[in-house]
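Chemist: Here is my input, please return the structure:
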Amino acid sequence: MALFPASHKTVFVLDHGPYFALPCHQVEFDVGRRGGPGFIPLASISKSVWTVAVEAVAEYCRIVWDIFPRGERLIRVVVGEGGGGEGWEDQEQNMNSVMEGLATVGRPTGDGRDSSILEGVGRAMELLCEPSPRQLKVVGDTVLNRGRLVVVTTLEGDSQHQQLLRAVEQQ
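Modeler: Below is the predicted model:
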């Protein structure tokens, strides 16, 4: 039996609900000269929860791809029912592919009522079931297909947490 570590494949599921459109903090850019005559301070820039979540996923990807050899640790990103890229191939495992996928989804708006996190979890489970190129190379042996699921969302209580866990278990 060919055993792959759970860290071989990771799927991030990002919530695209209205909470992620909210601002979370402001960034100041006055790093040059301070004060003095004629000094006009720059306006601060507000980041949304979505922006911070995307930055966190991007930083995780950058670190993993810098540390591990190509094809050893694979990452895909899902937003709602869509996303996840084209496959587990090496050409998809780069920042351009991840950021292009997130850019096509766009920033969430505050008008939506519900998040699509349950659909995203379902899509992520489908992606984890797909074999990676390294797993396809195993011949004449059973492959134990494992992976990690990282859900970035907001939950209002334990009941929503339990609902999310049940959705994962039912897949």
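Chemist: The biggest helix by length in the chain - contacts with which helices or strands?
Modeler: Longest helix in the chain, counting residues (DSSP state H): helix 49-67. The contact analysis (3 or more C-beta pairs under 8 Å, 6 or more residues apart in numbering; DSSP states H and E) places helix 49-67 against strand 9-14, strand 23-27, strand 74-79, helix 95-105, strand 148-152. In this view, the C-beta of every residue, glycine as well, is placed from N, C-alpha and C.
Chemist: can I get these in CSV with mean pLDDT?
Modeler: Shown next, in CSV, are the helices and strands packed on helix 49-67 (pLDDT from 0 to 100):
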stretch, mean pLDDT
strand 9-14, 95
strand 23-27, 80
strand 74-79, 94
helix 95-105, 90
strand 148-152, 94
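Chemist: Out of these, which gets nearest to residue 66?
Modeler: Of all these, it is helix 95-105 that lies closest to residue 66, at 10.7 Å by C-beta to C-beta.
Chemist: Figure out how far that closest one is from the centre of its chain.
Modeler: Mean-position distance between helix 95-105 and its chain equals 10 Å (C-alpha atoms, centre = their mean, to the nearest Å).
Chemist: quick one, that helix and helix 49-67 angle?
Modeler: Angle, helix 95-105 to helix 49-67, by axes from the mean of the first three to the mean of the last three C-alpha atoms, to 10 degrees: 160 degrees.
Chemist: Next secondary structure after helix 95-105?
Modeler: Downstream of helix 95-105, the next assigned helix or strand under DSSP states H and E is helix 117-129.
Chemist: can you tell me the average pLDDT over that next one?
Modeler: Helix 117-129 shows a mean pLDDT of 89.
Chemist: returning to that earlier point: as a markdown table, the helices and strands packed on helix 49-67 with mean neighbour count would be great.
Modeler: Below are these laid out as a markdown table (neighbours: other C-beta atoms under 10 Å):
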| stretch | mean neighbour count |
| --- | --- |
| strand 9-14 | 25 |
| strand 23-27 | 11 |
| strand 74-79 | 26 |
| helix 95-105 | 15 |
| strand 148-152 | 17 |
